[in-house]
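I'll drop the sequence and a predicted model, then ask my questions.
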Amino acid sequence: MRFVYAIIAFAAGLALLGLGISQLTAETEETHVVETEGAEDAPFTVVTNDVIDAEAGRDEFTIEAEGEYLIALGRTYDVEAWLDDAAHNRVTGFEASEDPEDPSRITAEYIDGETDVPEPTDSDLWVSVETAEGEMPYRWDTPDEEGDWALLIYREGDEPAPAAITTTETVTYSPTGGIALLVSGALVILLALGLFYWAVGGPRRRRNAQATSAAPAAPAAGEMNPTDAPAPGEEDATQEFVPAGSAPAEVAEEPAVEDSAPGAAGAYSTTEVTAVEHPETVNDPVDEQDVDEDDDAGPMNAPDDQAPATHDDSERLSGWAKGLRDRLGGGRSPFAAVLAVLVALASGLGLAGPAHADNGEDDPEEDEDSEVQQDAPADVDAEELEEDNEADEETGIEGEVPSEGYSVLLSSQLESIMEDIAQTVENADEERDAELLEDRVAGDALDYRELAYRNYDLAETSMPTPIGTEVLSAAVTGDTDFPRQAVVIVEHSDAEVPQVLIIEQATARENYKLVHTAMMAPGTEFPAVSAEQGGVSVVSPGDAEDSGTPAAALQGVSRWFVDEDHDFGEQMAESVYIDALHEYHDELTEAADDTEIEFVNPEVDLDDASALELPDGTVVVAGSFDMTMEMSPIGDGDTIFLEHDLVVEIVGTDWTTFPTRITSREFVVLHIPPEDSEEEVVLVGVDNLISDAEINTPEGFDDY
């Protein structure tokens with residue numbers, strides 16, 4: 001029967017191996033097409049990165065459509081701001097199916113709203129706009145991984161936008177079952193081999209057992225003769241029953257030399273066991289012939305003083321365990337060896353007991369490696385940061401302002417905006433037509449260009465400097481609310497000094513417009529700020545009567561322009577431009593012997609003023625004011641000679657004997673330190689144009 005059991009076990013093991021191989025070689029993946037559900041006809045479709053999961057392979061999808069359509073990429077909050085109340089479909093996410101046989105689905109939500117809205121193609125909010133036609137595979141690729149991004153899909157005209165996207169879902173079946181079958185089959189085959197070996201060795205074990213039982217058994221030393229046993233109920237405190245083959249405790253403590261005399265061990269022969277001295281031979285296999293001879297000789301007992309340390313382990317084993325050990329030959333039988341191998345394999349493969357959750361403790365060696373890996377990038381980043389700071393110092397722009405978050409514009413967006421503004425201004429300058437500026441210029445910048453065109457038409461004065469496109473520094477607001485602004489320092493090849501520009505986006509559906517422009521004042525600096533650097537916010541200029549506000553700074557500078565002794569001059573940093581202006585005013589006064597010259601206090605136009613707070617707490621404020629010079633004859637008949645061609649063209653004469661007013665519009669940009677700082681206010685940018693001139697003639701006088 002032992003051979004039958006071995007053959008059955010071997011066949012079962014082969015069957016399990018075959019099933020395992022069959023499962024591992026079978027198809028383990030299935031691909032499903034995931035479609036969109038819930039969309040309706042609408043002029044726009046929004047796809048957010050809620051659908052995207054690169055790890056799950058959902059960074060690619062297909063836009064299902066016919067005909068031509070457009071795809072705009074922008075930040076999610078910009079897409080939502082532009083849509084506002086427009087009707088659209090919003091692809092909301094991916095819902096995985098719990099049943100592997102059924103595909104998952106992409107969910108969409110229809111949001112009702114206005115359908116008559118402008119086309120968003122030319123909006124500054126988009127990072128890119130591309131034209132597509134028909135079914136189009138699309139790979140999700142955003143400029144950076146910060147923030148949420150979205151696609152705005154639409155058509156030109158009144159046709160509904162494509163609203164369906166599809167992706168593929170791959171369902172992978174786990175190979176755990178096949179691996180388990182392979183392991184189980186291997187274990188069963190090993191067990192079959194053990195049973196076969198046990199069956200083959202059966203006759204030899206029976207012969208050994210018969211030879212052992214035929215030998216005369218003599219009482220061992222210290223073994224009690226049954227005839228000498230005490231009568232029932234009697235107790236012999238001086239006599240202890242010792243099992244055959246075992247030495248009394250007292251004898252075990254004596255030197256082994258005294259118990260080595262012949263016959264001291266009784267009928268059983270004893271073989272001396274010597275410890276192996278060479279470590280390399282400890283694990284040498286036992287010769288099969290030696291094992292057979294030992295089996296024929298009977299049990300092997302070591303001297304008491306050389307008993308192995310595990311000799312007393314049997315006292316700690318439970319009954320069933322000792323029985324199993326005795327049945328398996330004390331662990332020395334081939335079957336016991338095979339069983340030990342099976343248990344070891346099962347334990348190593350995790351099949352010998354219940355699964356245990358990881359306790360979360362990491363290997364110290366792995367922790368040390370991970371710390372090294374984490375520290376290395378930090379060192380590299382520090383070096384790169386130091387190199388970046390050194391590079392910024394070489395640009396000529398003042399030291400870099402620390403960043404706090406990210407702005408609402410990428411550098412590529414800002415560059416595109418500046419190129420569009422520069423092109424619009426260039427076209428208008430060629431035609432000297434202010435109406436051509438309206439799409440990209442507003443506020444003080446529009447007033448400046450209108451005055452420049454008028455002055456050129458009257459007296460062929462110089463035209464204003466073209467708008468540069470090479471960005472040297474840019475502080476862009478990080479607030480998602482509107483209006484959004486940015487202060488940009490640009491350079492043009494035809495200009496001797498950089499330009500200080502302020503651009504503003506009033507609403508989501510309007511583009512950025514140039515609202516302030518000035519030439520950078522000589523000898524000044526501006527912080528080096530990246531367009532994508534955050535921490536910039538729009539602030540209110542405040543009231544000119546409130547000390548410490550940007551409006552108050554504008555008001556103070558305007559008074560200092562006309563009065564070099566004004567108290568606000570103590571808060572201002574030294575300015576080459578202001579010094580030259582004061583010197584010019586002094587020269588006019590000294591040269592006008594027959595004319596009295598006065599400068600009235602200007603009033604700042606705060607309606608168009610703009611202020612931005614930088615990450616370091618400083619504020620950049622831009623605005624304009626009118627500076628008026630009044631000239632009056634000292635005596636009757638004294639003549640005022642007007643030597644400026646533009647003033648002559650405006651008033652119609654080059655001399656007069658009546659009081660005359662000449663007004664110039666001053667455009668300024670200030671950099672204001674924080675309130676608790678000891679730094680001074682800096683005039684960063686300034687420009688001016690003659691805006692008006694008039695002679696206060698008596699009523700009815702028309703000789704001019």
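Great, that's in hand. Source: prediction; values computed, not measured.

any weak-confidence spans in the stretch 101-250 of the chain?
Within the stretch 101-250 of the chain, the stretches with pLDDT under 70 are 101-102, 169-178, 202-207, 209-250.

now do the stretch 351-500 of the chain
Ranges of the stretch 351-500 of the chain meeting pLDDT under 70: 351-404.

Show me where it has its helices.
364-393, 411-431, 443-459 (DSSP state H, counting those that start in this stretch).

Likewise for the chain?
Assigned by DSSP state H, the chain shows helices spanning 2-25, 76-83, 176-200, 202-214, 249-253, 288-297, 319-327, 334-348, 364-393, 411-431, 443-459, 550-562, 576-591, 645-651.

Tell me the helices and strands packed up against the last one.
Counting contacts by 3 or more C-beta pairs under 8 Å, 6 or more residues apart in numbering; DSSP states H and E, helix 645-651 is packed against helix 443-459, strand 682-695. Backbone N, C-alpha and C define where each C-beta goes, glycine included.

Pull up the pairing partners for the last one, direction included.
The pairing partners recorded for strand 682-695 under DSSP bridges are strand 513-520 (antiparallel), strand 660-672 (antiparallel).

So which bits of that strand are buried?
When burial is assessed from 16 or more other C-beta atoms under 10 Å, strand 682-695 yields the following buried residues: 682-691, 693, 695.

could you give the mean pLDDT of it?
Mean pLDDT, strand 682-695: 96.

related to what we said a few turns ago, could you export the helices and strands packed on helix 645-651 as TSV, including distance to Leu588?
Shown next, in TSV, are these (distance: least, C-beta to C-beta, whole Å):
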stretch	distance to Leu588
helix 443-459	20
strand 682-695	15
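
and the chain, what are its domains?
1-28+173-204+326-351, 32-167, 411-695 (automatic domain parsing).

With respect to Gly405, which of these lies nearest?
domain 411-695 (3.1 Å; C-beta to C-beta).

Pull stretch 429-448 out as PDB, backbone CA atoms only.
Provided in PDB are the C-alpha atoms of stretch 429-448 (Å, rounded to 0.1, in the frame of the first residue of the first chain):
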ATOM      1  CA  ASP A 429       2.200 103.800 -34.100                       C
ATOM      2  CA  GLU A 430       2.600 103.400 -37.900                       C
ATOM      3  CA  GLU A 431      -0.900 104.700 -38.500                       C
ATOM      4  CA  ARG A 432      -0.900 107.000 -35.500                       C
ATOM      5  CA  ASP A 433      -4.400 105.700 -34.900                       C
ATOM      6  CA  ALA A 434      -5.400 105.300 -31.300                       C
ATOM      7  CA  GLU A 435      -8.400 103.200 -32.200                       C
ATOM      8  CA  LEU A 436      -6.100 100.400 -33.200                       C
ATOM      9  CA  LEU A 437      -4.900 100.300 -29.600                       C
ATOM     10  CA  GLU A 438      -8.200  99.500 -28.000                       C
ATOM     11  CA  ASP A 439      -7.800  95.700 -28.000                       C
ATOM     12  CA  ARG A 440      -4.500  95.800 -26.100                       C
ATOM     13  CA  VAL A 441      -4.000  99.200 -24.600                       C
ATOM     14  CA  ALA A 442      -6.000 101.100 -21.900                       C
ATOM     15  CA  GLY A 443      -5.800 103.600 -19.000                       C
ATOM     16  CA  ASP A 444      -2.700 105.800 -18.700                       C
ATOM     17  CA  ALA A 445      -0.900 103.900 -21.500                       C
ATOM     18  CA  LEU A 446      -3.700 104.700 -23.900                       C
ATOM     19  CA  ASP A 447      -3.700 108.400 -22.900                       C
ATOM     20  CA  TYR A 448       0.000 108.500 -23.400                       C
END
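
which parts of that stretch are buried?
Those buried within stretch 429-448 under the rule 16+ other C-beta under 10 Å are 429, 434, 436-437, 440-448.

what does stretch 637-649 give?
Buried-residue list, stretch 637-649, by 16+ other C-beta under 10 Å: 640, 642, 646-649.

Tell me the one of these nearest Ala6?
Closest to Ala6, out of all of those and judged by C-beta to C-beta, is Leu646, at 117.4 Å.

Please work out how many residues are found near the residue lying closest to the closest one once chain neighbours are set aside.
Residue nearest to Leu646 in three dimensions, not counting chain neighbours: Ala459, with 4.2 Å by C-beta to C-beta, 6 or more residues apart in numbering. The number of residues packed near Ala459 is 15, by other C-beta atoms under 10 Å.

Quick check: the gap between Ala459 and Asp645.
4 Å (C-beta to C-beta, to the nearest Å).

What's the separation between Trp198 and Ile8?
Where Ile8 is concerned, Trp198 sits at a distance of 14 Å (C-beta to C-beta).

and what of Asn688?
In terms of C-beta to C-beta, Asn688 sits 107 Å off from Ile8.

Leu70: what's it in contact with?
Taking C-beta atoms under 8 Å, 6 or more residues apart in numbering as the criterion, Leu70 is in contact with 121, 129-132, 153-156.

and which of those is nearest to Gly468?
Val129 (25.2 Å).

how close does that closest one get to Asp447?
Between Val129 and Asp447 the distance, using C-beta to C-beta, works out to 32 Å.

so Leu614 touches Val621, yeah?
No. Contact criterion C-beta atoms under 8 Å: Leu614 and Val621 do not qualify, at 11.4 Å.

Which one of the two is surrounded by more residues?
A direct count of neighbours by other C-beta under 10 Å for Leu614 and Val621 places Val621 higher, at 29 against 20.

Name the nearest of the contacts of Leu70 relative to Glu146.
Val129 (21.2 Å).

measure the closest one to Gly74 for me?
In terms of C-beta to C-beta, Val129 sits 9 Å off from Gly74.

Neighbour count: these two, which is higher?
Taking other C-beta under 10 Å, Val129 and Gly74 do not tie; Gly74 has more neighbours (24 against 15).

list the contacts for the more buried one?
Taking C-beta under 8 Å, 6+ apart, one finds 82, 125-127, 149-150, 152 in contact with Gly74.

Relative to Ile503, how far out is it?
18 Å.

got it, and Val562?
For Val562, the distance to Ile503 - C-beta to C-beta - is 30 Å.

Counting neighbours, go ahead and name the busier of the two.
Ile503 (29 against 19).
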